[in-house]
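# pasting a predicted model and its sequence here:
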Amino acid sequence: MVKYKGVGIGAGYFSHFQYEAWQRIPEVQITAFCNSNPERAKTIKDKFHIANHYSDYRKMLEKEKPDFVDIITPPSAHLEMCKAAADLGIHIICQKPLAPTFAEAQEIVAYTNAAGIRFMVHENFRFQPWHREIKRLIDKGVIGDKLHCLNFRSRMGDGWGDDAYLNRQPYFRTYPRLLVYENGVHFIDTFRFLAGEINRVFAILRKLNPVIAGEDFALIVFEFANGATGVWDANRYNECNFDDPRYTFGEFLVEGNGGSVRLALDATIAIQPLGQSERPHEYEHENRAFCGDCCYFTQRHFIQCLVNNAPFETDGQLYLRTLAVQEAVYASAQRRTPVDVKY
């Protein structure tokens, strides 16, 4: 078995899901991690039994000489860290948001491409088991051979009140762009995974909670190259009627010329062929770790592609297409008009 030596940079809230997932991938050994916060570092070291801890990521990369690095830090640090790893010939899997600006994301992709290393964005929503299953059903023609509409409705309920986001990710409060930049980008990527490229968008963005800097409401219409339409109706202020809104992040309806597929908040899927009653559809999913264990599936994909020298689904160049749609969304909201996506 090929064994890949990995290191991580970051010890925040979400890093726990990623370090835990690496432990279950037999081809991987995480030998070290880097974080400047002693308390967080001790938690990671004790919880995941990682041998070495560094406070300087450059020293870690130079001394450990890993095959890959998992960058699990806020986006403002990604460009510098990706350049440092690329200069040493180290493959990279990097957390999203990829960068504070589209231009900086482009710079990351160009730099890593020029260095000849493998680069993948840790875009995990497309790897959630329900989205993989819906894709399989679409490809099988279960709801016909032509998609009509993809409609996702999300109500997170974690963004109301004066203490919004403080208990988990307090930095959300200061993001000048929030809902689409941090969460909506997942669904832009998932919509592209399910229905193909997006040609045009129309977006209405608002701020419902006055204590935060960025938007927490979005209503976005997507026009796909294949003629389908997508709708993302989301806010983090109001609540859903399910105990764990972070399991599927919402409800999904996908319609085609032969019927529809529905995803419920508890991750159950139902199929309704035209002219027939809705029926439950059994598939494999587990309420484990984050969102159906999607970090594991994402990281498993990264390693399998390294082993087989296969392309990543979310390599840098492809992911810039997702970010191009995101930029069009913000432009549309500002101009109050539909905007064509510029790839």
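Arrived safely.

# rest of the way, CA atoms for contacts and neighbours
OK.

# nearest the middle, which residue of the chain would you pick?
Centroid check for the chain by Cα atoms, centre = their mean gives Glu123 as the closest residue, at 3.3 Å.

# spit out the contact partners of that one.
Listed by Cα atoms under 8 Å, 6 or more residues apart in numbering, the contact partners of Glu123 are Gln95, Lys96, His186, Asp189, Thr298, Thr314.

# in helices, which of those fall?
Judged by DSSP state H, these include His186, Asp189, Thr298 as members of helices.

# helices of the stretch 151-300 of the chain, start to end?
Under the criterion DSSP state H, counting those that start in this stretch, the stretch 151-300 of the chain contains helices at 185-195, 294-308.

# can you lay out these as CSV showing mean pLDDT and mean neighbour count?
Converted to CSV, the helices of the stretch 151-300 of the chain look like this (pLDDT from 0 to 100; neighbours: other Cα atoms under 10 Å):
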stretch, mean pLDDT, mean neighbour count
helix 185-195, 98, 21
helix 294-308, 98, 19
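
# how about these in CSV, adding distance to Tyr54?
Compiled in CSV, the helices of the stretch 151-300 of the chain are given as follows (distance: least, Cα to Cα, whole Å):
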stretch, distance to Tyr54
helix 185-195, 31
helix 294-308, 23
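
# for Ala84, find the nearest of those helices.
Minimum separation from Ala84 across the helices of the stretch 151-300 of the chain (Cα to Cα) falls at helix 294-308, 20.0 Å.

# just checking, what packs against the helix or strand of the chain with the lowest mean pLDDT?
Every helix and strand of the chain was ranked by mean pLDDT, DSSP states H and E. The lowest is helix 38-48, at a mean of 91. If you count contacts as 3 or more Cα pairs under 8 Å, 6 or more residues apart in numbering; DSSP states H and E, helix 38-48 packs onto helix 15-23, strand 52-54.

# pull out the buried residues from that helix.
Residues of helix 38-48 classed as buried by neighbour count (16 or more other Cα atoms under 10 Å): Ala41, Ile44, Lys45.

# who's in contact with it?
So helix 38-48 is contacted by Ala11, Gly12, His16, Tyr19, Glu20, Gln23, Cys34, Asn35, Ile50, Ala51, Asn52, His53 (Cα under 8 Å, 6+ apart).

# correct me, but Cys294 touches Trp130?
No - with contact defined as Cα atoms under 8 Å, Cys294 does not count as touching Trp130 (10.1 Å).

# what is the burial count for the nearest residue to Pro26 once chain neighbours are set aside?
Among residues not flanking Pro26 along the chain, Lys3 sits closest, at 7.8 Å (Cα to Cα, 6 or more residues apart in numbering). Residues near Lys3, counting by other Cα atoms under 10 Å, number 13.

# now do the one 4 residues further on
For Val7, the tally of surrounding residues (other Cα under 10 Å) stands at 27.

# that one touches Ala32, doesn't it?
Yes - applying Cα under 8 Å as the test, Val7 and Ala32 come out as touching, 5.0 Å apart.
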